[in-house]
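1. Fold the following for me, if possible:
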Amino acid sequence: MDEKPDIYRRELVDVQGVPLFWSIAEEWSQVESFEARPDDLLISTYPKSGTTWVSEILDLIYNNGDAEKCIELLKKMQPPRLVKTHLPVQLLPSSFWKNNCKMVYVARNAKDVAVSYYYFYQMAKIHPEAGTWEEFLDKFMTGKVAFGSWYDHVKGWWEKRNDYRIFYLFYEDMKEDPKHEIQKLLQFLEKDLSEETVDKILYHSSFNVMKQNPSTNYTTVPDFDMNHSVSPFMRKGISGDWKNQFTVAQYERFEKDYEKKMKGSTLRFRSEI
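-> Got it, this is the predicted structure:
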């Protein structure tokens, strides 16, 4: 194994005020100059907000196979391409706005994201060390995690939806009534699928089926990149799991801080369903 161990657990690099992985920072000029096409569909999320789930649904809708974010592969993909990003709105390559691409943004409540991200940090070694849950929660609240502040991320995309073709989807709504949300997605994408096809999509994108699917559960990724014995990539996929992790004191501190950071925004989340 000739992988250099120093590619793991490296500190994040500041790119225009947002902490990103060193590997993205090194290729930043390539990211910035990425040329979107008018028929590209962008899937944007803050990490651990249902990215793989919604990507699978969109893949199934388009029946378009793989949505690799690797730029070289993207160039070879047949249109429409599904492009995934975790970038906050201000760092998105300008060609997406210029071409008025359709975008699907998936948002999940902050407490569940924080918990899921903590376990992801531990198993995916591209991240710096997570520290204790208490330490990680602090990092999350202050935006010192990969892709920066959850608060800025969800608010930034929420505001942009007024001016661009952005379908803002809530993870909790998807959990509660996936069929209804998929039908809304189809409308946004101007796609007409039979009831039977929609039911197929519902089945293949269900958590239990995806958890068994090597192309969505990341079990084919080698252990030295992602250690599934620490925590599986697809862990629980539920709403309200934060209750098993937060202490009363942490919850109270988090809520107070949340109120301050989300003040003035019309964005509303459900912490459980």
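2. hey, where'd the helices end up in this structure?
-> Counting by DSSP state H, the chain has helices at residues 22-26, 28-32, 51-62, 71-76, 94-98, 110-123, 133-141, 150-160, 171-176, 178-188, 195-204, 207-212, 214-217, 248-262.
3. could you dump the third one to PDB, C-alpha only?
-> Which is helix 51-62. Extracted in PDB, the C-alpha atoms of helix 51-62 (Å, rounded to 0.1, in the frame of the first residue of the first chain):
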ATOM      1  CA  THR A  51     -27.200  13.600  -0.400                       C
ATOM      2  CA  THR A  52     -26.900   9.900  -1.300                       C
ATOM      3  CA  TRP A  53     -30.600   9.300  -0.800                       C
ATOM      4  CA  VAL A  54     -31.800  12.100  -3.100                       C
ATOM      5  CA  SER A  55     -29.000  11.400  -5.600                       C
ATOM      6  CA  GLU A  56     -30.300   7.800  -5.900                       C
ATOM      7  CA  ILE A  57     -33.800   9.100  -6.400                       C
ATOM      8  CA  LEU A  58     -32.700  11.500  -9.100                       C
ATOM      9  CA  ASP A  59     -30.500   8.800 -10.700                       C
ATOM     10  CA  LEU A  60     -33.500   6.600 -10.800                       C
ATOM     11  CA  ILE A  61     -35.700   9.300 -12.200                       C
ATOM     12  CA  TYR A  62     -33.200  10.000 -15.000                       C
END
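4. now that helix and helix 178-188, what's the angle there?
-> If you take axes from the mean of the first three to the mean of the last three CA atoms, to 10 degrees, helix 51-62 sits at 60 degrees to helix 178-188.
5. and if you look at the last one?
-> Going by the same axes, to 10 degrees, helix 248-262 is angled at 20 degrees with respect to helix 178-188.
6. Could you tell me the least trusted of the helices of the chain?
-> Lowest mean pLDDT within the helices of the chain: helix 71-76, at a mean of 62.
7. In contact with Tyr258, which residues?
-> Tyr258 sits next to Ala110, Tyr151 when contact means CB atoms under 8 Å, 6 or more residues apart in numbering. Any C-beta I mention is one placed from the backbone N, CA and C, and that applies to glycine too.
8. quick one: it and Gln183, what's the gap?
-> Distance, Tyr258 to Gln183, using CB to CB, to the nearest Å: 31 Å.
9. Pick the most deeply packed of the helices of the chain.
-> Of all these, helix 110-123 carries the top mean neighbour count, a mean of 23, counting by mean count of other CB atoms under 10 Å.
10. and it, what does it pack onto?
-> helix 133-141, helix 150-160, helix 248-262 (3 or more CB pairs under 8 Å, 6 or more residues apart in numbering; DSSP states H and E).
11. Can you give me the distance of Asn162 to Thr266?
-> 11 Å.
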